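Colleague: have a look at this prediction, sequence included:
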Amino acid sequence: MLDGDLYLANDAQLVQMRKRARKLTRFYNQTTEDDDDRRSEILRELFGKTGQSFKIEPPFHCDYGSHISIGEEFYMNFGGIILDCAHVTIGNQVMCAPNVQLYAATHPLDAKLRCSGPELAKPIKIGNRVWLGGGVIVCPGVTIGDNTVIGAGSVVVKDIPANVVAAGNPCRVIRQLPVPDD
C-alpha cells in the first residue's frame, strides 16, 4: 500500500489499523476546548509524527493516522479529513481552513480491476507556510510547494509550485508571490 502497489483494504492488518484510528478519532472528536492536553496526547498517539505545537479542531477524520506527519504550528479547522493510505507529509506553519480534505487514496482506472476490489494510494506532500482555503481537496500524489496559497473550493489534481496563489477546479496557478526572506 505505502509503496503505491495494489492492495486489498479488507486485509486483516489494515482493518485493525483503521479500527484503531476510528477509536482514537472518536475519542478526539468528543473532547472539548478544555481538553487541549488530552487532544494533543491523542493526536501524538494517532499520527506517525507531530511537531511540538499544533491544533486540529474537531471533528477530524482519517484512515490510519500512522501515515500522517505534521510539522510545527500546524492548524486544521473544523471538518478536516486525511485519507492516509499513503504517506501524507505536512510542513511547518501550514493552515487549513474548514472542510479541507487530503486524499492519498485512489482506485484503478480499469473498471474490471477496480470492481474486483484492489485499491491504490499515492503520497501527498505539503510544504512549509502553506494555506489551504475552505473546502480544498488535495488529490493523490500531489505536492504543494512552500509559501503557496490554495484558494477556497479548489480541487488540486497536480503539483503546485512554491510561492504562488492557485485556485480552481482543476486548481491552477493564478499568480506568483514574492519569495520570503527566510
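Modeller: Structure's in. What do you need? Predicted, not measured: the structure shown is a model, and the values here were computed from it. Numbers count the residues shown, from 1 in each chain.
Colleague: residues in contact with residue 152?
Modeller: Neighbouring residues of residue 152 by Cβ atoms under 8 Å, 6 or more residues apart in numbering: 97, 133-136, 167. Every residue, glycine included, has its C-beta placed from N, CA and C.
Colleague: looking at neighbours, which among those is most surrounded?
Modeller: Neighbour counts for the contacts of residue 152 peak at residue 136, which has 24 neighbours (criterion: other Cβ atoms under 10 Å).
Colleague: and the pLDDT at it?
Modeller: Looking at residue 136, its pLDDT stands at 98.
Colleague: mind checking how far it is from residue 146?
Modeller: 17 Å (Cβ to Cβ, to the nearest Å).
Colleague: please apply the same query to residue 8.
Modeller: 36 Å.
Colleague: who has more neighbours out of those two?
Modeller: residue 146 (19 against 12).
Colleague: count of neighbours near residue 130?
Modeller: Using other Cβ under 10 Å, residue 130 has 22 other residues around it.
Colleague: that one reaches residue 142, doesn't it?
Modeller: No - taking contacts as Cβ atoms under 8 Å, residue 130 lies outside contact range of residue 142: 11.6 Å.
Colleague: pull up the overlap in contacts between those two.
Modeller: Common contact partners of residue 130 and residue 142 (Cβ under 8 Å, 6+ apart): none.
Colleague: in the protein, which helix has the most residues?
Modeller: Longest among the helix segments of the chain by residue count, using DSSP state H, is helix 12-29.
Colleague: ok so, going back, ok, the contacts of residue 152 vs residue 16, which is closest?
Modeller: Within the contacts of residue 152, proximity to residue 16 (Cβ to Cβ) peaks at residue 136, which comes in at 30.8 Å.
Colleague: check contacts around that closest one.
Modeller: Going by Cβ under 8 Å, 6+ apart, residue 136 touches 96-97, 100-101, 150-156.
Colleague: might you list the low-confidence residue ranges for this structure?
Modeller: Applying pLDDT under 70 to the chain flags no residue at all.
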